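Colleague: Sequence and predicted structure, then a few things I'm wondering about:
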Amino acid sequence: MQSAALFPPTLLLIFTNGQVYFHLLLELAAALATYGFLVQLRVGRLIAASGAIAFALSGTFAWFDHAPVNPVAFLPLVLWGVERGFTTPGFRRPTSWILISAGLALSLYAGFPETAYIDGILAGLWALVRLCQLPKGRRPEYLATLAIGLTVGLFIAAPILTAFADYLGVANVGSHSGVFGGTSLPSSIFPQLVMPYLFGPISAFSGNDPSGVLNSAWGQVGGYLSVPLIVLGTIGVAGRPNRPLRVVLTLWLILALGRTYGVPPFQKIVNLLPGMKDVAFFRYSMSSCALALIILAVFGMDDLRRRLVSGRVMIVAGAIGLILIGGSILEARGLLRNLMTAHDHNLWAGTSQVWAIATVVLVIAISVGLKGRLQLCLLAALVGLDTFAMFVVPEFSAPRAENVYLAPATYLAEHLGTSRYYTVGPLPPNYGSYFGAAEFNSNDLPEPRAYDKLAVQSFGLSLNGADTTADQQATNFLNRLGQFERVGVKYLLTPGGFQLPAAPNASKMRLVESGPSGEIFEVPSPQRLYRAQGVGCRVESQTISSATVDCSSSGTLYREELFMSGWTATIDQRTVKVDPAGIYQRIALPPGRSTVGFSFTPQHMDWALAGFVIGAITWIGGLYLLLIRRRNRVTSMGTLSS
């Protein structure tokens, strides 16, 4: 899931700067889907474009560049489909369920189910409101449309869901087992929600905060909200058109933000939702909050365009914005005092406060003092300027250039073969896979319970390695060298210039690669991935997924890879059973020379692939039907005009 292995945009990572293209594509998809959705709400196109830009450059996109951001782009796509089904009657019109199923499937393939789940709750609330607004006679058709979209989307996503569900059965999910039900963000960082850089750029001043709150906050916060959008959203709350939607969006913002910052009643209410105690809601709900606020702000701008807003409402909205900023400044005093030793902290704090107050004043001045197209253009420009300014600030914190020394990674990829390496730096756990080098370290939840038990009980490891230094980890490695050899660890990777501690077995280690970014020490006698047992049995050659074995009589082949249901093996193209050998694998060998191959397929994947085919054919059929109808409509219009 977290690697988004089946997510089509992941293919962009084969290119240089693929990460940039990946995120640009997500932001573009978010903008286009939001624009289409807002146009469906029948607001002005300039207003819709303003809302689309605001969501595509929202706080979650600005601060997240890892897996949780992937599904965010597809929430407006699902909402667009839900809204399309409401405004265009008849489930036989496929546009609605095509959009719903595409958004749902892409959200799941995007690889972060927590974000997808929370976004899905907002989409579900929207659908429920629209269902209640429909005449009773139209409700069955609307429910059928939603059901088709949901079913087709789940069918298309069946392979990733099946693999994920299969893996969860043997996995350690860490805090995702009820712990998050009581976790929230500290109220002291609430000011960051409306003034994102009040405490400086991302993590820049964390070391100057002795309380550690700021450092923890940057690791847990999921984004921010724009001050102009807050004021315009407040105007939107007061409007009458689409009143039920405005109420639900407001309630969602109150519930979600209350839960995020640990307000007890809201925390209890949100935790009533199925599985919500297993989800880091405080971190991954911010994208849905941002979109809810943007929709309210769009409603507010549209009300101003239609001249449905009284001067009193505008003044009250501005006052609420200023009160929110003032309260945030008061709440921030403690943390700001902690940052007194940080260079330029006053500049960041002062600029943030002035910018927030100025944008509130400008929104109200434009709303009260101007009318018509000029008012709308200036409000859209202000929203765009503020959104862009907040989005671009982290880019200035990025390094302009880096000296990358890849020799250690290249050495490992070329010399490991079927062995593994253990790292105490500079490559963190899991990053060896980027270079095609197998690592013993792992901290990528969910992990196999068998691995976690082995790592903690047999190797004395901290699963994240966060509470031990490189020297402590290296000492533990040397003290347990024989155990690491038995699981096929061939190399120890350390930071550049690292000296092995004076521990037992240190003298047995041989330095084989040295450079400014890393040192590689070779382990004396690592066990091979495959081990044959029996009279005259020997392994002649091996790769990660195959081995050639010769036995005088029947024997057993052991493979030091974690066992899980779904592993299969072939001996000379004949399928044989893979049995567990403790936590590892074994198969029975016949006499003679055998070529053995191993492969893994999650359980029930045949059914999942069948579901995918059915879903894909249905979706393509719906798209084809849509194109045929549009072509016929264009032909009919041409005939009438002639």
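Modeller: Great, that's in hand. This one's a predicted model, so the numbers in the text were calculated from it and none came from an experiment.
Colleague: In the stretch 351-500 of the chain, mark out all the helices, start to finish.
Modeller: Using DSSP state H, counting those that start in this stretch, the helices assigned to the stretch 351-500 of the chain run over residues 372-397, 407-415, 449-453, 470-479, 481-486.
Colleague: Contacts only, for residue 361.
Modeller: Applying CB atoms under 8 Å, 6 or more residues apart in numbering to residue 361 gives the contacts residue 318. In this view, the C-beta of every residue, glycine as well, is placed from N, C-alpha and C.
Colleague: Make 55 the first number, not 1, from now on.
Modeller: Will do, 55 is the new start, and the previous item becomes residue 415.
Colleague: pLDDT score for it?
Modeller: Residue 415 carries a pLDDT value of 97.
Colleague: hmm, back to that, can you tell me which of the helices of the stretch 405-554 of the chain is nearest to residue 660?
Modeller: Proximity to residue 660 (CB to CB) singles out helix 503-507 among the helices of the stretch 405-554 of the chain, at 25.6 Å.
Colleague: In the closest one, which residues are buried?
Modeller: By neighbour count, and taking 16 or more other CB atoms under 10 Å as the criterion, the buried residues in helix 503-507 are 504-506.
Colleague: Could you list every helix and strand that it packs against?
Modeller: Secondary-structure packing of helix 503-507 (3 or more CB pairs under 8 Å, 6 or more residues apart in numbering; DSSP states H and E): strand 225-226.
Colleague: gap between the next helix or strand along the chain from the strand it packs on and the chain center?
Modeller: Downstream of strand 225-226, the first helix or strand assigned by DSSP states H and E is helix 245-248. In terms of CA atoms, centre = their mean, to the nearest Å, the centre of helix 245-248 is found 22 Å from the chain centre.
Colleague: Against which helices or strands is helix 245-248 packed?
Modeller: By 3+ CB pairs under 8 Å, 6+ apart, helix 245-248 packs against helix 365-392.
Colleague: Output the contacting helices and strands for the helix it packs on.
Modeller: Packed against helix 365-392 by the contact rule (3+ CB pairs under 8 Å, 6+ apart) you find helix 245-248, helix 267-274, helix 281-292, helix 399-423.
Colleague: tell me the mean pLDDT for it?
Modeller: What helix 365-392 shows for mean pLDDT is 95.
Colleague: Now do it and helix 399-423, the angle between them.
Modeller: 180 degrees (axes from the mean of the first three to the mean of the last three CA atoms, to 10 degrees).
Colleague: Now do helix 365-392 and helix 267-274, the angle between them.
Modeller: Using the same axes, to 10 degrees: helix 365-392 against helix 267-274 is 120 degrees.
Colleague: what comes up buried for helix 365-392?
Modeller: Neighbour counts over helix 365-392 (16+ other CB under 10 Å) mark 367-368, 371-372, 374-376, 378-379, 382-383, 386, 389-390, 392 as buried.
Colleague: what's the answer for stretch 575-594, then?
Modeller: 575-577, 580-586, 588, 591, 593.
Colleague: Show me these that map onto strands.
Modeller: Judged by DSSP state E, those include 575-576, 584-586, 593 as members of strands.
Colleague: nearest to residue 319, of the helices of the stretch 405-554 of the chain?
Modeller: Evaluated with CB to CB, the helices of the stretch 405-554 of the chain place helix 426-451 nearest to residue 319, the distance being 30.4 Å.
Colleague: Can you list the buried residues in the closest one?
Modeller: The neighbour-count check on helix 426-451 (16+ other CB under 10 Å) flags 429-430, 432-434, 436-438, 440-441, 444-445, 447 as buried.
Colleague: packing partners for it?
Modeller: helix 99-110, helix 113-117, helix 281-292, helix 340-359, helix 399-423.
Colleague: which one of the helices of the stretch 405-554 of the chain lies closest to residue 236?
Modeller: Closest approach to residue 236 among these is made by helix 503-507 (22.8 Å; CB to CB).
Colleague: I'd like to know the average pLDDT value across that closest one.
Modeller: Averaged across helix 503-507, pLDDT comes to 90.
Colleague: try stretch 565-574
Modeller: 93.
Colleague: what about that stretch, how long is it end to end?
Modeller: End-to-end distance of stretch 565-574: 6 Å, with CA to CA, to the nearest Å as the criterion.
Colleague: How far does it sit from its chain's centre?
Modeller: Centroid separation for stretch 565-574 versus its chain: 34 Å, with CA atoms, centre = their mean.
Colleague: For it, which residues meet the burial criterion?
Modeller: Quick answer for stretch 565-574 (16+ other CB under 10 Å): 567, 571-574.
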